[in-house]
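Peer 1: just a sequence and a predicted model for now, questions to come.
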Amino acid sequence: MAEAERLLREGHPDVAGLCLALHDWAQELRILKREREEWMSGS
């Protein structure tokens, strides 16, 4: 995520691709956090 953010800040021409990568990472983090919470609660 940090690399994609850095590239965006530096003006990388593939804005759409980098935004998609950030979106995908954010979704993956949400999934992992939810699974961890479920595991921790014993569900």
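Peer 2: Received the coordinates, thanks.
Peer 1: when you work out contacts or count neighbours from here on, use the C-alpha atoms and nothing else.
Peer 2: Fine.
Peer 1: hey, where'd the helices end up in the protein?
Peer 2: Here the chain has its helices, by DSSP state H, at 2-9, 15-41.
Peer 1: CA atoms only: put the first one into CSV for me.
Peer 2: In this case it means helix 2-9. Taking Å, rounded to 0.1, in the frame of the first residue of the first chain, the C-alpha atoms of helix 2-9 are listed here in CSV:
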residue,chain,number,x,y,z
ALA,A,2,2.8,2.4,0.9
GLU,A,3,4.4,1.9,-2.5
ALA,A,4,1.2,2.6,-4.4
GLU,A,5,0.6,5.7,-2.2
ARG,A,6,4.1,6.9,-2.9
LEU,A,7,3.8,6.5,-6.6
LEU,A,8,0.5,8.4,-6.6
ARG,A,9,2.1,11.3,-4.7
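Peer 1: now for it, which elements pack on it?
Peer 2: helix 15-41 (3 or more Cα pairs under 8 Å, 6 or more residues apart in numbering; DSSP states H and E).
Peer 1: for the helix it packs on, which helices and strands make contact with it?
Peer 2: Right, helix 15-41 is packed against helix 2-9 by 3+ Cα pairs under 8 Å, 6+ apart.
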